[in-house]
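Trainee: Below is the sequence, then the predicted model.
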Amino acid sequence: MTIRVVIADDHRVVRDGLCYLLGQEPDVEVAGEAGDGRQTVDVVAATRPDVLLLDLYMPGLDGHTVLAALHDTPHRPAVVVLTSATDDEHLVRAMHAGATSYLLKTAPAEDVIAAVRDAASGTATLSPELLTRLTQALRRPPPPDLLQPLSPRERDVLRLIARGYSNRQIARDLEIGEQTVKTHVSSIFTKLGLQDRVQAAIFALRHQSDSREHRP
């Protein structure tokens, strides 16, 4: 299957570099480019890509506004944020807005390609630098009862969701069936009042120390 990608960045040299990089991959097709936020929304609507590579800093509409505008579109792509923004507010906002993956522009080329493929398959990616920043930003002493509804196995699943593992990877790591993982994920969402894996990852990062205490 060919992964169709739209590249949104206000710097032409960045778009050209990403077009060249992705164009070398036999399973990736650059379906369109955009140099500002409004154009990004229009190009995504016209091309219906599988993945949007999105900068947060753009004229017109910034990346956060683009994420909000795409939220209810019928053919919403997976979004890989590729940004130079290292402040906590921008990164946490992007996660809450529904971005699938998060990379800094200092990431190696192979990480960008891997993130595109992972996003197309529904798997989140966080660069090590970003994971460290998010852990520091979101780590707060949790009230003692927040994780109480979860079973030990559900805490294990939540911890691996925070690492960006797919259900298949979680099943392999924990040596359980993939359908069992799906059941645990659904139960975690219900018990913690979460809507998706991004919110689950944020929750797990915020309460990481407490989750580790319950590892087998």
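Mentor: Structure received. Numbers count the residues shown, from 1 in each chain.
Trainee: Mind splitting this structure into its structural domains?
Mentor: 3-136, 140-212 (automatic domain parsing).
Trainee: and the ones you listed as CSV, adding mean pLDDT and mean neighbour count?
Mentor: (Glycine included, C-beta is placed from N, CA and C.) Converted to CSV, these look like this (pLDDT from 0 to 100; neighbours: other C-beta atoms under 10 Å):
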stretch, mean pLDDT, mean neighbour count
domain 3-136, 89, 18
domain 140-212, 81, 16
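Trainee: Which neighbouring elements make contact with the helix ranked longest in the chain?
Mentor: Longest helix of the chain, by residue count under DSSP state H: helix 178-192. Under the contact definition 3 or more C-beta pairs under 8 Å, 6 or more residues apart in numbering; DSSP states H and E, helix 178-192 sits against helix 152-162, helix 167-174, helix 197-206.
Trainee: can you put those helices in TSV and add distance to residue 77?
Mentor: Output for these, formatted as TSV (distance: least, C-beta to C-beta, whole Å):
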stretch	distance to residue 77
helix 152-162	21
helix 167-174	21
helix 197-206	15
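Trainee: and of those helices, who's closest to residue 50?
Mentor: Of all these, helix 197-206 sits nearest to residue 50, with 17.6 Å by C-beta to C-beta.
Trainee: Would you mind giving the orientation angle of that closest one with respect to helix 167-174?
Mentor: Relative orientation of helix 197-206 versus helix 167-174 (axes from the mean of the first three to the mean of the last three C-alpha atoms, to 10 degrees): 40 degrees.
Trainee: name the helices or strands packed onto helix 197-206?
Mentor: Here helix 197-206 touches helix 88-96, helix 128-138, helix 152-162, helix 178-192, going by 3+ C-beta pairs under 8 Å, 6+ apart.
Trainee: Kindly calculate the angle that that helix makes with helix 152-162.
Mentor: Between the axes of helix 197-206 and helix 152-162, defined by the same axes, to 10 degrees, the angle is 110 degrees.
Trainee: Please renumber the chain so that the first residue is 40 from this point on.
Mentor: With the count now opening at 40, the last piece we talked about shows up as helix 236-245.
Trainee: how distant is helix 236-245 from the center of its chain?
Mentor: 11 Å (C-alpha atoms, centre = their mean, to the nearest Å).
Trainee: Over to stretch 54-73?
Mentor: 20 Å.
Trainee: Could you do stretch 220-237 as well?
Mentor: Remark: stretch 220-237 is offset 16 Å from the chain centroid, using C-alpha atoms, centre = their mean.
Trainee: Can I get it in CSV, CA atoms only?
Mentor: What follows is stretch 220-237, C-alpha atoms only, in CSV (Å, rounded to 0.1, in the frame of the first residue of the first chain):
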residue,chain,number,x,y,z
VAL,A,220,-5.0,-6.2,24.6
LYS,A,221,-7.9,-4.6,22.8
THR,A,222,-10.1,-5.5,25.8
HIS,A,223,-7.6,-4.0,28.2
VAL,A,224,-7.3,-0.8,26.2
SER,A,225,-11.1,-0.3,26.0
SER,A,226,-11.3,-0.9,29.8
ILE,A,227,-8.6,1.6,30.5
PHE,A,228,-10.4,4.3,28.4
THR,A,229,-13.6,3.6,30.3
LYS,A,230,-12.2,3.5,33.8
LEU,A,231,-10.1,6.7,33.4
GLY,A,232,-12.5,8.6,31.2
LEU,A,233,-10.1,8.8,28.3
GLN,A,234,-11.1,9.1,24.6
ASP,A,235,-8.1,7.8,22.7
ARG,A,236,-4.5,6.6,22.9
VAL,A,237,-3.0,10.1,22.9
